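Enquirer: Everything below, folded, please.
(3 chains)
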Amino acid sequence: MAIGISGYSAYIPRLRIKKEDYAKAWGSFSAAGVAEKSVMGFDEDVLTAAAKVSKRALESVPMAPDKVTRFAFASTSPPYFEKLLSGTVLYSVGMPNSAFSSDHTTSTRAGTEAMIAGFEHISANQTGMAVVVAADAPSASMWDSVEHALGAGAAAFVLSADNLVAELEGHASYASEYFGERFRPRGNPYLHDLNVKKYAEGSLITNTTRAANALLKSLNRKPEEYQHVVIQQPDARVPTTVASRLGFTDAQLASSLVSKSLGDLGAASVPVALAAALDVAKVGDQIMVISYGSGAGSDALSFKVVSDRKAPVKVQAEMDRKEYIDYVKYLKIKGAIV
Amino acid sequence: MKKVAIVGAGQSRYGDFPDKGIKELFFEAYKDMKASVDKGLDPKAIESAYIGNLGSGGFQLGNMSALVTEYCGLTHINTMRIENACASGGYALVAAVMDVMSGTHKAVLAGGVEKMTDVSGVKQKYWLGVSGDTEYERLAGTTFSGLYALIAQRHMHDFGTKREHLSMVAVKNHKNGAQNPKAQFQREITLEQAIKGPIVASPLNLFDCCSTTDGASAVLVCDAEIAKQYTDTPVYVAGFGTASDFLAIHDRPDTTTLEGTRRAGEMAYKMSGLTPKDIQLAEVHDCFTIAELLAYEDLGFCEKGKAGPFIEQGHTQIGGDKPVNASGGLKSKGHPIGSTGTGMAYEMFNQLRGSVQKPTRQIKGAEIGLIHNVGGSGGTVAVTIMRR
Amino acid sequence: MAHVSVPMYWRTIPQRYKMIGQKCKKCGAINFPPKGVCKYCQTSSEFEEIQLSGRGKVHTFVLISAGGAPPEFAEQEKAGGQYPVAIVQLEEGPKVIGQIADVDPKEVKIDMPVKAELRKIYTEEEVIRYGFKFVPG
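Expert: Next up is the predicted model:
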């Protein structure tokens, strides 16, 4: 029986900062291809964003929140290092306490980890309903260039075997050991990046291409058969690098290149980008999704769009709803002025 | 039921006194009260004491009434701390009156004391925001300024009350307080200054808000039958009223009325056989300027919604037909929370006997006065009518 | 810092996270937040739980500046400036106080439609307290 996505939604907090404001403060802006990025509000965090976007996604399907049987939450910037995060969202949205819930964190692959976990649940429980949400607002020291790209956003998906918007055709993963690229030591809220560039790029390419090629092979597909490819976006250049290595084109990337206006959404990068692709996809379109988390690993998922039903609030509408702030206000809101 | 008289009243200076704690402040008020008893007071006559107090400067949560009374040499008496937020003093007075009315005791001290300036700014703000509905009102981001501002905003919307009307209260009360040597602030302000003050919680600005204050007051309440032992010119308690209201203003059906004031006033008028028209002067609870405007309406001095024009027409000035807050009110005199209610009684005692310190504030021929003391944003209200 | 203990705050999460109100079995009115005795008919203690929509309109509001902000919200005010607090008339009847987020304070007006959503309220003892704030719409 076919399983897949039966509802989805994205949420982008409304504050934005432009690359020009960074350039004014630091002399340059380090996020390739990013013109502006989103900023989590002072009174928001990944849990409030997850609650909001999960509710929205559930409102787009006929089943009530109390019918959810599996919940998965993903973020690299949770407000606690230890505390059951999914409990806050589960309770707030009205999902049953008895649904199996899981927290996925520690790398930007967490978003697709949560999705695959949700799909595995549906495969084994065809009458069930899973909600998976990725919400992220990563932070780094204001002195570090890796900070420049870091944005904020969230996307949620309702997974089931019913009333599908997009069918899951298959998935493949690749995990390996690649220490010392992008990481956060224990107890530290700020991302570190040792900037060993070729080494890091090597990890990125190895993991993503192995996962994606394994999936293409198992489905007996070629890159050109896909209308959309959704790739991890630490900036707007990385996806084109990965795409060209795999034989995908910039045209296939166009529907999901959200990083240009939102920055690096961490574990929510691929989920929000997937929502953007779904917003414009046509019935019959194929979508290839490739995530990446440093340390390292990649998930690849393949979808076929089977309905023209769209999310009630489009990613583009979320991107257009914005208020600009300057760099000083940005620092105050991110608590970076200590 | 016994008829009740007030035969002595005292107040400390109101202000900011790092060298005085609650014991010292209360003693100052007590001595002042003792000195005001025309024929002298033997302290052993005082059998009972009700002390209004909210926070004890943060250090004595329990038994503060025993602490301050024994410091004054009043030991082994009935003593209770009365707490109803900013109405603590007003309720201490009511408790003393009921004590005498019931015949339980003959001479009873009603007083109040507050020490607000010892603690850090952060801790002070804590106090200012925990007598509304803490769980919802404070955690929505308001202290009392915010709550009264919510009321003011709606009052302006419903009745066309203007920014200038709020500021007129501040100007009047500062003008009066400038003539009160015991007031915290003794300087006049202009209407323009009051209108242009920095916003605290819009529409309320700095000049719409009373300050934090240290101070104490004490009045001697006794059975009217023995009043002449103490003075030939006692003041009598004609009646009193108390009423509570929903603590959170969002629970109140009418945002622009303090139902506690309305009912307490009604009860006091009924008990005293008087009407609003009979009241010649009043001390009302102007913690914020809007609160004084509400008091005009809720005490029946003017129609609902008409408080703005009422003050604009000058009725409540010294020299007007309904002088309100000749003492300077909370705004200029200060608001040491536990003491405010009995401090109002101190002022009214002097007004009704013609013994106000500075004659320019004396309301001539004053015979019937009303004091109005509100707890927080109106959760509790005590009104007492005093007469010669 | 306002001392609202962890259990005390936790006891109110049905209201703060989910807008759960109580419908009086006698007079049918909705009490939110809950009371022991219905605040309308003042005679009944029997209620049934009802999920409120979170939608309402502004009954009155205030813009809080630094001088009016409790310490828990001082940083919020410093980082973002004046913030609006409103009494909102919920569509089911009761009024409740709450901050309005995601709005230019100058645009807040009486009768403006708003909707509740989960936000961070404040942190005490390093525990984040979440609850509802209102957003326009």
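Enquirer: Over to residue A:229. Which of the three states is it?
Expert: With DSSP: H, G, I helix; E, B strand; the rest coil as the basis, residue A:229 sits in strand.
Enquirer: List the beta-bridge partners for it.
Expert: residue A:288 (DSSP bridges).
Enquirer: What is the neighbour count of the closest residue to residue C:36 other than its chain neighbours?
Expert: Nearest residue to residue C:36, sequence neighbours excluded (C-beta to C-beta, 6 or more residues apart in numbering or on different chains): residue C:45, at 6.2 Å. C-beta coordinates here come from the backbone N, C-alpha and C atoms, glycine included. Neighbourhood size, residue C:45 [other C-beta atoms under 10 Å in any protein chain shown]: 11.
Enquirer: Residue C:45 contacts residue C:31, doesn't it?
Expert: No - the criterion here is C-beta atoms under 8 Å, and residue C:45 misses it with residue C:31 at 10.7 Å.
Enquirer: for residue B:94, what are its contacts?
Expert: Going by C-beta atoms under 8 Å, 6 or more residues apart in numbering or on different chains, residue B:94 touches B:240, B:242, B:382, B:384.
Enquirer: Show me what the lowest-mean-pLDDT helix or strand in chain C packs onto, helices and strands only.
Expert: Ranked by mean pLDDT, DSSP states H and E, the helix or strand of chain C with the weakest confidence is helix C:74-80, at a mean of 92. Secondary-structure packing of helix C:74-80 (3 or more C-beta pairs under 8 Å, 6 or more residues apart in numbering or on different chains; DSSP states H and E): helix A:327-333.
Enquirer: what mean pLDDT does the helix it packs on have?
Expert: For helix A:327-333, the mean per-residue pLDDT is 93.
Enquirer: Can you pull out the residues in contact with that helix?
Expert: By C-beta under 8 Å, 6+ apart, helix A:327-333 touches A:15, A:17, A:21-22, A:24-25, A:39-42, A:142, A:325, A:337, C:78-80.
Enquirer: CA atoms only for it, dumped as PDB, please.
Expert: What follows is helix A:327-333, C-alpha atoms only, in PDB (Å, rounded to 0.1, in the frame of the first residue of the first chain):
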ATOM      1  CA  TYR A 327      22.500  44.300  13.200                       C
ATOM      2  CA  VAL A 328      22.300  45.700  16.700                       C
ATOM      3  CA  LYS A 329      18.800  44.600  17.200                       C
ATOM      4  CA  TYR A 330      19.800  41.200  15.700                       C
ATOM      5  CA  LEU A 331      22.500  40.800  18.400                       C
ATOM      6  CA  LYS A 332      20.100  41.800  21.200                       C
ATOM      7  CA  ILE A 333      17.500  39.400  20.100                       C
END
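Enquirer: Buried residues in that helix, which are they?
Expert: Neighbour-count burial for helix A:327-333, with 16 or more other C-beta atoms under 10 Å in any protein chain shown as criterion, is recorded at A:327, A:329, A:330, A:331, A:332, A:333.
Enquirer: before we move on, what about stretch A:83-94?
Expert: By 16+ other C-beta under 10 Å, the buried positions in stretch A:83-94 come out as A:85, A:86, A:88, A:89, A:90, A:91, A:92, A:93, A:94.
Enquirer: And the next helix or strand past the worst-scoring helix or strand of chain A on mean pLDDT?
Expert: For chain A, counting by mean pLDDT, DSSP H and E, strand A:192-193 ranks last in confidence among helices and strands (a mean of 90). Under the assignment DSSP states H and E, the closest C-terminal helix or strand after strand A:192-193 is helix A:197-219.
Enquirer: since we're on residue B:1, how many residues are nearby?
Expert: Neighbours around residue B:1, by other C-beta under 10 Å: 8.
Enquirer: got a list of what it touches?
Expert: With contact set as C-beta under 8 Å, 6+ apart, residue B:1 has these partners: B:101, B:102.
Enquirer: Figure out the helix or strand that it lives in.
Expert: Using DSSP H and E, residue B:1 falls outside every helix and strand.
Enquirer: cool, residue C:102 as well?
Expert: Short version: residue C:102 belongs to no helix or strand, going by DSSP H and E.
Enquirer: Tell me who's in contact with it.
Expert: Per C-beta under 8 Å, 6+ apart, neighbours of residue C:102: A:14, A:41, C:135, C:136.
Enquirer: hey, which strand is longest across chain C?
Expert: Secondary structure of chain C per DSSP state E: the longest strand is strand C:113-124.
Enquirer: Pull out the CA atoms of the helix or strand that comes right after that strand and give them to me as PDB.
Expert: Later in the chain than strand C:113-124, the nearest helix or strand by DSSP H and E is strand C:127-136. The C-alpha trace of strand C:127-136 is given here as PDB (Å, rounded to 0.1, in the frame of the first residue of the first chain):
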ATOM      1  CA  VAL C 127      13.100  26.500  33.300                       C
ATOM      2  CA  ILE C 128      11.400  28.000  30.300                       C
ATOM      3  CA  ARG C 129       7.800  28.900  30.900                       C
ATOM      4  CA  TYR C 130       5.700  28.700  27.700                       C
ATOM      5  CA  GLY C 131       2.200  30.100  27.300                       C
ATOM      6  CA  PHE C 132      -0.100  31.900  25.000                       C
ATOM      7  CA  LYS C 133       0.400  35.200  23.400                       C
ATOM      8  CA  PHE C 134      -1.900  36.700  20.800                       C
ATOM      9  CA  VAL C 135      -1.000  37.600  17.200                       C
ATOM     10  CA  PRO C 136      -3.000  39.700  14.800                       C
END
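Enquirer: Flag every buried residue along strand C:127-136.
Expert: C:128, C:129, C:130, C:131, C:132, C:133, C:134, C:135.
Enquirer: Repeat that for stretch C:115-131.
Expert: Those would be C:116, C:117, C:118, C:119, C:120, C:121, C:122, C:124, C:128, C:129, C:130, C:131, for stretch C:115-131 by 16+ other C-beta under 10 Å.
Enquirer: what sits up against it?
Expert: A:43-45, A:47-48, A:51-52, A:79-80, A:88, A:92, B:139, C:1-4, C:6, C:9, C:12, C:16-17, C:19, C:53-56, C:72-73, C:98-99, C:101, C:132-137.
Enquirer: Can you say which of those are buried?
Expert: Among those, those scoring as buried are A:43-45, A:47-48, A:51-52, A:79, A:88, A:92, B:139, C:2, C:4, C:9, C:12, C:16-17, C:19, C:54-56, C:72-73, C:98-99, C:101, C:132-135 (criterion: 16+ other C-beta under 10 Å).
Enquirer: Please list the members of those residues that lie in helices.
Expert: Secondary structure from DSSP state H places A:47, A:48, A:51, A:52, A:88, A:92, C:9, C:16, C:17 of the buried ones among the contacts of stretch C:115-131 in helices.
Enquirer: give the contact list for the third one.
Expert: By that I understand residue A:51. A:88, A:89, A:92, A:93, C:117, C:118.
Enquirer: what two of the residues you listed are the furthest from one another?
Expert: Pairwise distances across the contacts of residue A:51 (C-beta to C-beta) peak at 13.6 Å, for the pair A:88 and C:117.
Enquirer: Chain neighbours aside, what residue packs nearest to residue B:213?
Expert: residue B:334 (3.4 Å).
Enquirer: Phi, psi for the residue in the stretch 151-300 of chain A that chain B sits nearest to please.
Expert: Chain B sits closest to residue A:152 of the stretch 151-300 of chain A, with a gap of 22.9 Å, by C-beta to the nearest C-beta. With angles defined as degrees, to the nearest 10, residue A:152 sits at phi -150, psi 140.
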